[in-house]
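1. please find the sequence and the predicted model below.
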Amino acid sequence: MAEQQKLRLGVNIDHVATVRNARGGQYPDPLRAAKIAEKAGADGITAHLREDRRHISDADIEGLMDVLSVPLNFEMAATDEMQKIALRHQPHAVCIVPEKREERTTEGGLDVAREENRLAHFIAPLRDAGCRVSIFIAADQRQIEAANRIGAEVIELHTGAYCDAYAEGRFDEAQEELRRLQEMATMAHGLGLEVHAGHGLTYDTVSPVAAFPEVRELNIGHFLIGEAIFLGLEPAIAEMRRLMDEARS
């Protein structure tokens, strides 16, 4: 059993940029959102620079590196272009995610087992530059073992299947997904990997995952930006922080 430690909250600001880009122009500003998130209790900021630049832009990444006082978790696909950008900025953390142009959001985890040799060579320069490398994967033993073999320091478990089952009222399936997440978090921790989790988490689904002692960080974005429409961004994040701390206590 892992020692109970404070659970970190990474706030993903991608969808502030989605709203900005819907009309063009400069508002709402993702950098302003990042600073508000810091004030509200975020321990880090996550931003995904996609190949098609559908939300976060290159200028956003540059700005975040300049203004943040908490670590930046730079989400990216395993492409030469993104590797060069990450090596230029050298953020605190780099999270490698799968990416398809036609998807609305990241669907499923990276198939590390199928691309083990390529990914091992891809992440080596990032590690050498001092970036903590995380791999976004499904709660699957083969993928976790492969992530460990390629030299990743961190895995982020995809919580989407659990959250979708809960949202659709398939509560038995949600419980089964939770069981799998817990089992795989324990296994990854036993291998010496730091365990993060995220994707689709809400006020209704965060507490069981936050209670896993092996999980050190949750990354949450879309739901918080949606709630900010009704509550304001700072109160929305503060409530998520409260629920996480309560689950951990």
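-> Arrived safely, thanks for sending.
2. in this protein, which spans are helices?
-> 14-23, 30-40, 58-67, 80-89, 116-128, 141-149, 160-167, 171-190, 206-210, 222-231, 233-248 (DSSP state H).
3. need those in TSV with mean pLDDT, distance to Glu99 and mean neighbour count, can you?
-> (Glycine included, C-beta is placed from N, CA and C.) As requested, these are exported to TSV (pLDDT from 0 to 100; distance: least, Cβ to Cβ, whole Å; neighbours: other Cβ atoms under 10 Å):
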stretch	mean pLDDT	distance to Glu99	mean neighbour count
helix 14-23	93	13	18
helix 30-40	95	19	20
helix 58-67	93	16	15
helix 80-89	94	9	15
helix 116-128	95	14	15
helix 141-149	95	17	19
helix 160-167	96	15	20
helix 171-190	97	23	17
helix 206-210	98	24	19
helix 222-231	95	16	17
helix 233-248	96	26	18
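4. which one of these lies closest to Leu49?
-> helix 58-67 (5.7 Å; Cβ to Cβ).
5. for the residue nearest to the spatial centre of the chain, give its distance to Thr159.
-> Closest residue to the average C-alpha location of the chain: Asn219 at 4.1 Å, with Cα atoms, centre = their mean. Asn219 is 10 Å from Thr159, where distance means Cβ to Cβ, to the nearest Å.
6. so what sits against both of the two?
-> 197-199 (Cβ atoms under 8 Å, 6 or more residues apart in numbering).
7. now do the contacts for Leu9.
-> Leu9 neighbours (Cβ under 8 Å, 6+ apart): 41-44, 217-218, 220, 237, 240-241, 244.
8. farthest-apart pair in the residues you listed, please.
-> Among these, Glu217 and Ile237 lie farthest apart (Cβ to Cβ), at 14.6 Å.
9. coming back round to it: so which of the helices of the chain comes closest to Lys6?
-> Using Cβ to Cβ, these put helix 233-248 closest to Lys6, at 7.1 Å.
10. so that closest one versus helix 30-40, what angle?
-> 40 degrees (axes from the mean of the first three to the mean of the last three Cα atoms, to 10 degrees).
11. any idea how far helix 233-248 is from the chain center?
-> 17 Å (Cα atoms, centre = their mean, to the nearest Å).
12. residues in contact with it: which ones?
-> Under Cβ under 8 Å, 6+ apart, the answer for helix 233-248 is 4, 6-7, 9, 11, 33, 36-37, 39-42, 203, 206-208, 210-211, 218, 220, 224-225, 227-228, 231.
13. again with stretch 184-193
-> By Cβ under 8 Å, 6+ apart, stretch 184-193 touches 2, 139-141, 144-145, 147-148, 152-155, 157, 195, 197, 212, 214-215.
14. circling back to that earlier point, which ones among the shared contacts of Asn219 and Thr159 lie within strands?
-> Among these, the members falling in strands (DSSP state E) are 197-198.
15. so which of the shared contacts of Asn219 and Thr159 is the closest to Ala86?
-> Using Cβ to Cβ, the shared contacts of Asn219 and Thr159 come closest to Ala86 at Gly198, 19.3 Å.
16. need the contact list for that closest one.
-> 10, 12, 156-159, 218-220.
17. make a PyMOL selection of the buried ones in those residues.
-> Applying 16 or more other Cβ atoms under 10 Å to those, the buried members can be selected in PyMOL as follows:
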select buried, resi 10+12+156+157+158+159+218+219+220
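18. picking up where we left off before, quick check: bridge partners of the residue nearest to the centre of the chain?
-> Gly10, Gly198 (DSSP bridges).
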